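*Asks:* Show me the folded form of this:
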Amino acid sequence: MNVPAQVASAPAPRQPFYKLLYVQVLFAIVLGFLLGWLAPDIAESPWVKALGDGFIKLIKMAIAPIIFCTVVSGIAHIEDASKVGRVGVKALIYFEIVSTLALAIGLIVGHIVRPGEGFTGSVDAAAVAQYAERAQHQSTVDFILHIIPDSLVGAFADGNILQVLLIAILFGFALMVLGERGRAVRTLVDDLGHAFFGIIAVIMKAAPIGAFGAMAYTIGKYGPSALGNLAGLIATFYVTSALFIFIVLGLIAKFAGFSIFRFLAYIKDELLLVLGTSSSESALPQLMEKLERLGCSKSVVGLVVPTGYSFNLDGTNIYLTLATLFIAQALDVELTLHDQLVILGVAMLTSKGASGVTGAGFVTLAATLAVVSPALVPGMAIVLGIDKFMSECRALTNFIGNGVATIVVSAWEGELDREKMARGLSRRVDPSDVETAVTTG
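*Replies:* The predicted structure is shown next:
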């Protein structure tokens, strides 16, 4: 991929700081905290609570169509990977193994650290009792039958995410089998997906208002001590992601013959770009160019990197399981082994296609909670105010994971120039590489 370095890395026009969504959300959180602390009676009023609840309802409104479009598009596009034979198969196998590890690590850390424990002094006893009764009496057969909708339209009308997932999986495989004949429908689904994510982008403009209402109500009802739990969740997520990068991805990199630390130093400019934009797709052209210069074949880079942006979302996977456990602990809802297996399965599907779009991680969290238990969905208001602080870490982890995956698949396929990689990671430049870069630039 011949992307001139000076064009690819051209900085975007700088916005005034007060127009940045990140800054607006930060100010809203501070104001919400102050209102909840200094005037808890006002903060607990229905009008303040409605600000956070209304924003969550807007997000929930778009969940079903977004999940349908992303899952259908992801499955339907597998045919593109099949055209390159074993490279696509190896990439998909790697993605699913590492994604499952990320999901499991999030669950394990959530159980060990228990960041949501002690968050509330009181809970909605009726909702918890209803959930416990449902979990106790629902058999596996009932659960399976519940997944099958009475009608295609009914699944979307009811907002039943499991049923929507079933329809999406069947529809996606049908398009994949149709091949060229299904191209027009697949393109339509892709466009609809972009349109619905556009709706999310518009909704996210109201994030400061929602964050203000959610934080004010949370602090007003549960007290300033709740902020300690939220800070604990952020810290737990960052530490877990760091451990995943340096231990899990580090071991994978070692087996592939390179150092994860040298690789991070090699892509440090791209990491800063991802950090500033909270989107791993912002540095996609530069990543592809650098991986080719690192010795990965152009064909492998062209397949693995774009596919990984839908199928290899390590940071999002850790976030989904960890945040789900945090909310369950905060609401004092005990998750059974069956519930946690459902979380793993649903998160594996809902996370596909969730990279690069602001708010997508929050949408997939909402979908996961809705499947596990309706009693958990109100808990989204607890993490709404701090979601933005975790989006940077999600994006960075996704970005690093895709870079490592490309090198590993290239090595697995025997299409990795190890001498070139050694020069790149040791910062020794081959004159021929410079000449090629100048010519293509």
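*Asks:* Where does the prediction get shaky in the stretch 151-300 of the chain?
*Replies:* Applying pLDDT under 70 to the stretch 151-300 of the chain flags the ranges 159-162, 222-223, 225-227, 273, 275-285.
*Asks:* so where do the helices sit in it?
*Replies:* Here the stretch 151-300 of the chain has its helices, by DSSP state H, counting those that start in this stretch, at 152-158, 161-178, 183-203, 207-222, 226-243, 250-256, 260-266, 268-277, 284-293, 298-311.
*Asks:* Tell me which of those helices sits most buried.
*Replies:* helix 207-222 (a mean of 25; mean count of other Cβ atoms under 10 Å). In short, each C-beta sits where N, CA and C put it, glycine included.
*Asks:* does Pro208 really touch Phe27, like I thought?
*Replies:* Yes. With contact defined as Cβ atoms under 8 Å, Pro208 counts as touching Phe27 (7.2 Å).
*Asks:* in what helix or strand does Val30 lie?
*Replies:* Val30 belongs to helix 21-38 when assigned by DSSP states H and E.
*Asks:* Which strands or helices does that helix pack on?
*Replies:* For helix 21-38, the packing partners by 3 or more Cβ pairs under 8 Å, 6 or more residues apart in numbering; DSSP states H and E come out as helix 40-43, helix 207-222, helix 387-413.
*Asks:* Would you mind listing the buried residues in it?
*Replies:* Buried residues in helix 21-38, defined by neighbour count with 16 or more other Cβ atoms under 10 Å: Leu21, Tyr22, Gln24, Val25, Leu26, Ala28, Ile29, Gly32, Phe33, Leu35, Gly36.
*Asks:* And the residue lying closest to the last one once chain neighbours are set aside, how far from Ala104?
*Replies:* It stands for Gly36. Nearest non-adjacent residue to Gly36, counting by Cβ to Cβ, 6 or more residues apart in numbering: Ile219, 2.8 Å away. Separation of Ile219 from Ala104 (Cβ to Cβ, to the nearest Å): 33 Å.
*Asks:* cool, Ser410 as well?
*Replies:* Applying Cβ to Cβ to Ser410 and Ala104 gives a distance of 26 Å.
*Asks:* ok, those two, which is more surrounded?
*Replies:* Counted by other Cβ atoms under 10 Å, Ser410 and Ala104 do not tie: Ser410 has more neighbours, with 25 against 15.
*Asks:* confidence score at that one?
*Replies:* Residue-level confidence at Ser410 comes out at 86, pLDDT.
*Asks:* need the contact list for the nearest residue to Leu331 once chain neighbours are set aside.
*Replies:* The spatially closest residue to Leu331, leaving aside those adjacent along the chain, is Gly379, at 5.2 Å (Cβ to Cβ, 6+ apart). Contacts for Gly379 (Cβ atoms under 8 Å, 6 or more residues apart in numbering) come out as Ile327, Ala328, Ala330, Leu331, Leu369.
*Asks:* try Gly257
*Replies:* By Cβ under 8 Å, 6+ apart, Gly257 lies in contact with Ala411, Arg418, Met421.
*Asks:* Got a PyMOL select line for the buried ones in those residues?
*Replies:* To isolate the buried subset of those in PyMOL, counting by 16+ other Cβ under 10 Å, use the following:
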select buried, resi 411+421
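*Asks:* hmm, back to that, indicate which one of the helices and strands packed on helix 21-38 is closest to Phe263.
*Replies:* Evaluated with Cβ to Cβ, the helices and strands packed on helix 21-38 place helix 387-413 nearest to Phe263, the distance being 6.7 Å.
*Asks:* sorry, back to before: go through the contacts of Gly379 and single out the one with the most neighbours.
*Replies:* Ile327 (27 neighbours).
*Asks:* who touches that residue in this structure?
*Replies:* So Ile327 contacts Gly116, Leu369, Leu376, Gly379, Met380, Ile382, Val383 (Cβ under 8 Å, 6+ apart).
*Asks:* Which helix or which strand is home to it?
*Replies:* Taking DSSP H and E as the criterion, the element that holds Ile327 is helix 314-330.
*Asks:* I'd like to check the angle between that helix and helix 226-243, please.
*Replies:* 150 degrees (axes from the mean of the first three to the mean of the last three Cα atoms, to 10 degrees).
*Asks:* Could you measure from the most centrally placed residue in the chain over to Pro374?
*Replies:* Centroid-nearest residue in the chain, with Cα atoms, centre = their mean: Thr316, separated by 2.9 Å. Using Cβ to Cβ, Thr316 is found at 23 Å from Pro374.
*Asks:* about what we covered before: how far does the helix holding Ile327 sit from the chain's center?
*Replies:* 11 Å (Cα atoms, centre = their mean, to the nearest Å).
*Asks:* In the very next helix or strand once past it, which residues are buried?
*Replies:* Tracing the chain past helix 314-330, the next element assigned as helix or strand by DSSP H and E is helix 337-350. For helix 337-350, the buried set under the neighbour-count rule, 16+ other Cβ under 10 Å, comprises Asp339, Gln340, Val342, Ile343, Leu344, Val346, Ala347, Met348, Leu349, Thr350.
*Asks:* what comes into contact with helix 337-350?
*Replies:* Applying Cβ under 8 Å, 6+ apart, the set of residues contacting helix 337-350 is 67, 70-71, 96, 99-100, 103-104, 107, 135, 140, 143, 161-162, 165, 169, 317, 320-321, 324, 335, 364, 367-368, 371-373.
*Asks:* Report the buried members of those.
*Replies:* 67, 70-71, 99, 103, 107, 135, 161-162, 165, 317, 320-321, 324, 335, 364, 367-368, 371-373.
*Asks:* Report the distance from stretch 311-320 to the chain centre.
*Replies:* 5 Å.
*Asks:* what is the mean pLDDT for it?
*Replies:* 84.
*Asks:* Kindly report the same for stretch 366-384.
*Replies:* Here the average pLDDT along stretch 366-384 is 73.
*Asks:* Could you tell me the end-to-end distance of it?
*Replies:* One end of stretch 366-384 sits 11 Å from the other (Cα to Cα, to the nearest Å).
*Asks:* Shouldn't Asp150 be within a helix?
*Replies:* No. According to DSSP: H, G, I helix; E, B strand; the rest coil, Asp150 belongs to no helix; its state is coil.
*Asks:* what about it, how many neighbours?
*Replies:* Per other Cβ under 10 Å, the neighbour tally for Asp150 reads 9.
*Asks:* pLDDT score assigned to it?
*Replies:* pLDDT at Asp150 comes out at 79.
*Asks:* same question, Ile400
*Replies:* 91.
*Asks:* Contacts only, for the residue lying closest to it once chain neighbours are set aside.
*Replies:* Spatial nearest neighbour of Ile400, chain neighbours left out: Ile245 (5.7 Å); criterion: Cβ to Cβ, 6+ apart. Counting by Cβ under 8 Å, 6+ apart, Ile245 touches Ile260, Thr397, Ile400, Gly401.
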